[in-house]
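> Below is the sequence, then the predicted model.
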Amino acid sequence: MALSQFVASQKLAPMTRGGQLDGGFRFHGLQDLGVFDVRFGRKMFIDLPPNDTDERLNNFAFVMAQKGSAQLLYGNDEFNVSGPQSIIFSSGPKRILRFSEDCDARALLVDRGRLSRHCAKLLGHELNRRIELDIDLPLDTAAGRSWLRIVEYASAELSNPDSLIRHVPAAWDNLEQLVLTTLLYGHRHNYSDLLLQPQSAAAPYYVRRAEAFIEAHFAEPLSLAEIAAQAGVSARSLQNGFQRFRNRTPMTFLRSVRLQKAHKALLVADPSLNSVMQIALACGFSHMGEFGTAYKRMYGVTPRETLARII
């Protein structure tokens, strides 16, 4: 089933006995960015079991009701989808979507990994934890109306066989960046405050020098004092510089670099020849528990799951 392929493993069932399905389903785009319209013609529910590791659940699903209504049961919370009330959600606790008999729903899928990388690009540094979006997404605000126009535009382009995005990779990239940028700046998430902060002036030479030194020596047992000495300033000045221009400490940046290197190594490693411990040690980590916790916080899966491709 297309919904299972692009969103998550799920169980689809009618809410009432008897009657025939009189619905339709259309999907346009790719798993990374796509739009589908669905109508069942009777009361239905979709049961999505809790899952934090399925790679398909990297998708965020934006859902709106063009007609009728729907409800999302997300753990112990309930969210309505009707008129200007829409939702956006992904992996997490048990989720149930219920659709009214007359519901015509539209969903836009956005890949979490691509959204995270775009957010990092806008911030100017890597994310230190998984990006999470608020579930409620009102469409009757200025930001909501802007987002709705983008969704309608994306849907029109994705469904048009003559659209440039089907033939020109740069056009596809531009559409994707437009969708991601509008979502990140127009909807609340755990990096909103950082994104909306006034942009700082260019980082001073010693911050850039420290970053270059960390990138080149990330696998070594670096201390703040050693990094500061290489940057040519005191440890306190380096701390202040990173806090002001990077919104993080030098050691947090070091951990982020190590996590990125470990992630890339795990993705290409042979599980029969390499272990998580070997890769973690090679990337500068000495405490496996801390490494595992930080890795899952950043990538949403454990190092072992990445190595075994259980993602």
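Sure thing, it's come through. Numbers count the residues shown, from 1 in each chain.

> residue ranges for the helices of the stretch 101-250 of the chain, please.
112-123, 142-159, 169-186, 192-196, 205-217, 224-231, 235-246, 250-268 (DSSP state H, counting those that start in this stretch).

> Same list as before, the ones you listed that is, but in CSV and with distance to Leu73 and mean pLDDT included.
For every residue, glycine as well, the C-beta is placed using N, CA and C. Output for those, formatted as CSV (distance: least, CB to CB, whole Å; pLDDT from 0 to 100):
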stretch, distance to Leu73, mean pLDDT
helix 112-123, 21, 86
helix 142-159, 23, 94
helix 169-186, 24, 93
helix 192-196, 26, 88
helix 205-217, 45, 93
helix 224-231, 47, 95
helix 235-246, 40, 92
helix 250-268, 33, 92
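
> closest one to Ala282 among the ones you listed?
helix 250-268 (7.1 Å; CB to CB).

> Tell me how the chain divides into domains.
Domain assignment for the chain by automatic domain parsing gives 2-195, 205-307.

> now those domains as CSV including mean neighbour count?
Below are these laid out as CSV (neighbours: other CB atoms under 10 Å):
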stretch, mean neighbour count
domain 2-195, 17
domain 205-307, 17
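
> The residue nearest the centre of the chain and Ala61: what is the separation?
With distances taken as CA atoms, centre = their mean, Arg112 lies nearest the centre of the chain, 2.3 Å away. Distance of Arg112 to Ala61, computed by CB to CB, to the nearest Å: 11 Å.

> who touches both of these two?
Common contacts of Arg112 and Ala61 (CB atoms under 8 Å, 6 or more residues apart in numbering): Ser90.

> can I get the helices of the stretch 101-250 of the chain in JSON lines with distance to Gly300?
Putting these into JSON lines (distance: least, CB to CB, whole Å) gives the following:
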{"stretch": "helix 112-123", "distance to Gly300": "8"}
{"stretch": "helix 142-159", "distance to Gly300": "24"}
{"stretch": "helix 169-186", "distance to Gly300": "18"}
{"stretch": "helix 192-196", "distance to Gly300": "19"}
{"stretch": "helix 205-217", "distance to Gly300": "24"}
{"stretch": "helix 224-231", "distance to Gly300": "29"}
{"stretch": "helix 235-246", "distance to Gly300": "23"}
{"stretch": "helix 250-268", "distance to Gly300": "11"}
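
> still on that earlier bit, pretty sure the residue nearest to the centre of the chain sits against Phe89.
No - using CB atoms under 8 Å as the test, Arg112 is too far from Phe89 to be in contact (11.3 Å).

> overlap in contacts of those two?
Phe60.

> Could you say which helix or strand holds the residue nearest to Val110 when sequence neighbours are not counted?
Nearest non-adjacent residue to Val110, counting by CB to CB, 6 or more residues apart in numbering: Phe60, 4.7 Å away. Phe60 is part of strand 59-67, with elements assigned from DSSP states H and E.

> Now do that strand: everything it contacts.
Here strand 59-67 has contacts from 6-8, 31, 37, 70, 72, 81-83, 86-90, 97, 102-112, 115, 133, 137, 139, 148, 151, using CB under 8 Å, 6+ apart.

> Which ones among these map onto strands?
Residues of these located in strands (DSSP state E): 37, 70, 72, 81, 86-89, 97, 104-111, 137.

> from what I can see Leu72 touches Gln85, true?
No - counting by CB under 8 Å, Leu72 stays clear of Gln85, with 10.4 Å between them.

> and the closest residue to Leu259 other than its chain neighbours, what pLDDT?
The shortest distance from Leu259 to any residue other than its chain neighbours is 5.5 Å, reached at Met298 (CB to CB, 6+ apart). On pLDDT, Met298 comes in at 85.

> Against Gln278, how distant is Arg149?
Where Gln278 is concerned, Arg149 sits at a distance of 50 Å (CB to CB).

> Pretty sure Asp173 is one of the things Leu164 touches, is it not?
No - between Leu164 and Asp173 there is no contact, the gap being 11.2 Å when judged by CB under 8 Å.

> what's near enough to touch Gly241?
Ala203, Pro204, Tyr206, Val207, Val233.

> repeat that with 6 Å
Contacts for Gly241 (CB atoms under 6 Å, 6 or more residues apart in numbering) come out as Pro204, Val207.

> ok, now Thr141?
Contacts of Thr141 by CB under 6 Å, 6+ apart: none found.

> All further residue positions should be reported with the first residue as 46.
Let's use 46 as the start, then, which means that last one is Thr186.

> What's the separation between it and Trp192?
Relative to Trp192, and taking CB to CB, Thr186 is found at 9 Å.

> Also Ala307?
35 Å.
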